[in-house]
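A.B. asks: After the sequence you'll find the predicted model.
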Amino acid sequence: MPGYLAIILHAHLPFVRHPEHDKFLEESWLFEAITETYLPVLQVINGWQRDNMDARITMTLSPTLCAMLRDPLLQSRYASHLDELITLADKEISRTHWDMEFQELAKMYHTRLTEARELYQQLGGDLIGKFRRLQDFGLLEIITTGATHGLLPLMANHPPSVRAQILVARDYYRDCFGCDPRGIWLPECAYFDGVEAYLQEANIRWFIVDSHGLLHANPRPRYGVFAPVFTPNGIAVFGRDMESSRQVWSRTEGYPGDARYRDFYRDIGFDLDFDYVKPHLPSPDNRGFTGIKYHRITGGNAPKQPYQPAAAHQAVDAHARHFLKSRVEQITELGTVLDRPPLVISPYDAELFGHWWYEGPEFLDLFVRKAYFDQKTFELITPEQYLRRHPTNQIATPAASSWGEEGYYRVWLNEKNEWIYRHLQVAQERMTELVLKFTKPTALQNRALKQAARELLLAQSSDWPFILRTNTSPDYAKKRVKAHLLRFNGIYTQLTTKKVDGKWLAEIETRDNLFPEINVSYWS
C-alpha cells in the first residue's frame, strides 16, 4: 500500500445541563448535534458494518459530551425534543399543501426525523454504548480529550490542573468504553512543551498538533506532517495536513460553501409566525433553530432559493470524487519523494458533518466508500494502527501551537476573556490546598472536595473564553464561568471553616453531576 489516510472527527460540546428549568435554550446545542451529526454518523458507520467494509475512522468523544449523552434527564429531554420536531414537521406538511416544492422538503424532514427517533429508541438512548460496540468491532477508534476541554497551555503554571484534566478524562473513558484511551485530542490542538509527562502518566500513546506545531519541531521533521515523530519520552505526535483540511473546512474554498447545499441560517424558527413555531422552539420565549430549513446557500447577495436535495446530492457526489482524486494525487506524489509510505492526517470538528454542513454525513459515506472500493493508492487507517505498522519514527519536540486563530492561543486569551484566568489561578491553587489539607476527609467533606473539583473543571472549559471571543452567546458564557467559580469558592469557604452546608451541596451536586467517581488526589 503506497500510503495512508486517517480521518479524525473531534466530537465535543461543553457540559450544559439545567434541571432547574423545564426547557433551556443552550441544551439545544446537544439536541441539534445528536439529530444532525451523531445519529447520522452512526447510521453511516452502520452501513459500513453491514457491507463488511474494513474502513476505519477515528473519533474523539469528549468526556463532557459522553456525560451528557449518558445523562437520563438529557436523554428524556432529547426524546421530547425529537417528538416536538416531528410534530412540527407534520404541521409543515399541512401548511405547505399548496407549495409542492416546500411540501416535499417538509416530507423529507418528517422522514429523517422519524428515522432518527426510531434509531434513538432502538439504541435505548445509549449512543455511547453503540459507539463502544463499533470500537470493539474495529470500525472506529475512539480517543479522548481534556476532561472539560480546558486549554492546557494556560494551566501550565499549575501542573496539578493539567494532570487532573488528563487523568480525569482517562478515568471517565474507562467507565464509558471499558478500556484505556490510546490517543488524545489535546483541547484545541494546543500543545506546550512538557504536556507529554502527563500523557505518559495516563499511558496515552499519541496526540495531534496543527501543521506548524510539527513543521517547527526541534529538530525539523524529516517527513514534514506526513509521518509522526516521537517526543523524547516516546509519545507519538501527528500533524494536520493543510490541503485536505482546506478542501473541507475553508469558508472560501471548502466544499460546504457550494451554492447547492442547504443554508444553515435560514430556518423556519425565524421565518414563520412566532406563535406558530413557539411550542416547538428550544426556548419558548425566544426564536431559535428548529432544524427545518427550506433554502440553499444560493451564493452572492441574491435572495435565497429553495433547497433542491437532488442537486445537493450531485454536489456531494462530485465533491467526494474530487476529494478522492486529490488524495490519490497527493499521496502518489508524496510517494515519489518519501522513502516510506506517506500518512495524511485529516482532522475536523465532527459537528461540521451534518450540523453545519447538512450534507456532510453523506459526503463522508460516499468518500469512504469510494476510497474503499475504487482505488488502491491509500488505505484508510487510524493513528494507532499506523504506529503498530511503523513503530520506528524520528525523535523531535513540537513547537507551542494550537489550531485556533493565528495558530497559538489568541482565541482563548485576549481582551474579552483575560479576566477569567486570574480567578482560575486562585481557584486552582485553592483546590490543591484543599486536597493537601483534607487527607482523611469525612463523608461530607469528601463529597464537598469532589464537587469543588467538578466546579473547577467546568470553569476551566475552553468553550467559555471561545464564546466570549466569538460573541455568540457571551452572556451565557460569562454566567457559567462566574457560577462555577462562585460555587467553588463557596465550597472552599465552607471546608476551611468546617461548616459544610449539606443541603446546598446536594443541590449543586444534582445540577453539575458529571464524573461521579472523580479522584481529587490528582490535584495534589
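C.D. replies: Structure's in. What do you need? Residues are numbered from 1 along each chain as shown.
A.B. asks: Show me where the stretch 201-350 of the chain dips below the pLDDT cut-off.
C.D. replies: Scanning the stretch 201-350 of the chain for pLDDT under 70 picks out nothing.
A.B. asks: So which residues of it form strands?
C.D. replies: Using DSSP state E, counting those that start in this stretch, the strands of the stretch 201-350 of the chain run over 206-209, 229-230, 236-239, 343-349.
A.B. asks: How far does the second one sit from its chain's centre?
C.D. replies: If I follow you right, that is strand 229-230. 25 Å (C-alpha atoms, centre = their mean, to the nearest Å).
A.B. asks: Mind listing residues that contact that strand?
C.D. replies: With contact meaning C-beta atoms under 8 Å, 6 or more residues apart in numbering, strand 229-230 is reached by Leu214, Ala217, Pro221, Ala236, Val237, Asn393, Gln394, Ile395, Ala396, Pro398. (Glycine included, C-beta is placed from N, CA and C.)
A.B. asks: returning to that earlier point: can you put the strands of the stretch 201-350 of the chain in TSV and add distance to Ser80 and mean neighbour count?
C.D. replies: Output for those, formatted as TSV (distance: least, C-beta to C-beta, whole Å; neighbours: other C-beta atoms under 10 Å):
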stretch	distance to Ser80	mean neighbour count
strand 206-209	37	25
strand 229-230	49	22
strand 236-239	41	25
strand 343-349	27	22
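A.B. asks: about what we covered before: counting neighbours, which of the contacts of strand 229-230 end up buried?
C.D. replies: For these, a neighbour count by 16 or more other C-beta atoms under 10 Å gives the buried set as Leu214, Ala217, Pro221, Ala236, Val237, Asn393, Ala396, Pro398.
A.B. asks: Which of those residues fall in helices?
C.D. replies: Of those, the ones assigned to helices by DSSP state H are Leu214.
A.B. asks: Could you dump the buried ones among the contacts of strand 229-230 into a markdown table and include distance to Asn46?
C.D. replies: Converted to a markdown table, those look like this (distance: C-beta to C-beta, whole Å):
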| residue | distance to Asn46 |
| --- | --- |
| Leu214 | 34 |
| Ala217 | 39 |
| Pro221 | 38 |
| Ala236 | 30 |
| Val237 | 32 |
| Asn393 | 34 |
| Ala396 | 40 |
| Pro398 | 36 |
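A.B. asks: now, which of the buried ones among the contacts of strand 229-230 sits nearest Tyr172?
C.D. replies: Among those, Ala236 lies closest to Tyr172 (C-beta to C-beta), at 22.8 Å.
A.B. asks: What ranges does the stretch 301-450 of the chain have for its helices?
C.D. replies: Ranges of helices in the stretch 301-450 of the chain, per DSSP state H, counting those that start in this stretch, are 309-337, 360-373, 383-389, 419-437, 443-459.
A.B. asks: what's the closest of the ones you listed to Glu517?
C.D. replies: Among the helices of the stretch 301-450 of the chain, the nearest to Glu517 by C-beta to C-beta is helix 443-459 (8.7 Å).
A.B. asks: just to revisit the earlier point, how about JSON lines for the strands of the stretch 201-350 of the chain, with distance to Asn446 added?
C.D. replies: Listed next are the strands of the stretch 201-350 of the chain as JSON lines, based on distance: least, C-beta to C-beta, whole Å:
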{"stretch": "strand 206-209", "distance to Asn446": "33"}
{"stretch": "strand 229-230", "distance to Asn446": "40"}
{"stretch": "strand 236-239", "distance to Asn446": "38"}
{"stretch": "strand 343-349", "distance to Asn446": "37"}
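A.B. asks: mind checking which of those is nearest Arg410?
C.D. replies: Nearest of those to Arg410, taken as C-beta to C-beta: strand 206-209 at 16.7 Å.
A.B. asks: Okay, now the sheet partners of the closest one, with direction.
C.D. replies: The pairing partners recorded for strand 206-209 under DSSP bridges are strand 183-185 (parallel), strand 236-239 (parallel).
A.B. asks: about what we covered before: any chance of the helices of the stretch 301-450 of the chain in CSV, plus mean neighbour count?
C.D. replies: Converted to CSV, those look like this (neighbours: other C-beta atoms under 10 Å):
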stretch, mean neighbour count
helix 309-337, 16
helix 360-373, 21
helix 383-389, 17
helix 419-437, 17
helix 443-459, 21
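A.B. asks: now the strands paired with strand 206-209 in CSV, with distance to Asp317?
C.D. replies: CSV is the format used below for the strands paired with strand 206-209 (distance: least, C-beta to C-beta, whole Å):
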stretch, distance to Asp317
strand 183-185, 30
strand 236-239, 30
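A.B. asks: and of those strands, who's closest to Pro306?
C.D. replies: Among those, strand 183-185 comes nearest to Pro306, with 38.2 Å by C-beta to C-beta.
A.B. asks: How far does that closest one sit from its chain's centre?
C.D. replies: Centroid separation between strand 183-185 and its chain, computed with C-alpha atoms, centre = their mean, is 12 Å.
A.B. asks: List the buried residues for the lowest-mean-pLDDT helix or strand in the chain?
C.D. replies: Within the chain, no helix or strand scores below helix 242-249, which has a mean of 91 by mean pLDDT, DSSP states H and E. Applying a neighbour-count criterion of 16+ other C-beta under 10 Å, one finds Ser244, Ser245, Gln247, Val248, Trp249 buried in helix 242-249.
A.B. asks: That one - contacts with which helices or strands?
C.D. replies: Applying 3 or more C-beta pairs under 8 Å, 6 or more residues apart in numbering; DSSP states H and E, one finds that helix 242-249 contacts helix 309-337, strand 343-349.
A.B. asks: still on that earlier bit, any chance of the helices of the stretch 301-450 of the chain in TSV, plus distance to Tyr522?
C.D. replies: Formatted as TSV, the helices of the stretch 301-450 of the chain follow (distance: least, C-beta to C-beta, whole Å):
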stretch	distance to Tyr522
helix 309-337	41
helix 360-373	36
helix 383-389	25
helix 419-437	8
helix 443-459	8
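A.B. asks: Quick one: closest of those helices to Ser62.
C.D. replies: helix 443-459 (12.2 Å).
A.B. asks: who's in contact with the closest one?
C.D. replies: Taking C-beta under 8 Å, 6+ apart as the rule, helix 443-459 contacts 15, 147-148, 150, 161, 164-165, 168, 420, 423-424, 427-428, 431, 434-435, 438, 441, 480-481, 484-485, 487-488, 491-492, 494-495, 500, 502, 505, 508-509, 512, 514-515, 518, 520, 523.
A.B. asks: Give me the subset of these that lies in strands.
C.D. replies: Among the contacts of helix 443-459, no residue falls in strands (DSSP state E).
A.B. asks: Of the residues you listed, grab the buried ones for ChimeraX.
C.D. replies: The ChimeraX selection below is limited to those of those classed as buried (16+ other C-beta under 10 Å):
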select :15,147,148,150,161,164,165,168,420,423,424,427,428,431,434,435,438,441,480,481,484,485,487,488,491,492,494,495,500,505,508,512,514,515,518,520,523
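A.B. asks: correct me, but Val520 touches Leu436?
C.D. replies: No: with contact defined as C-beta atoms under 8 Å, Val520 and Leu436 do not form a contacting pair (10.5 Å).
A.B. asks: on that earlier part again, need the contact partners of the least confident helix or strand of the chain.
C.D. replies: 5, 211, 225, 253-256, 322-323, 326-327, 330, 344, 346-348, 352.
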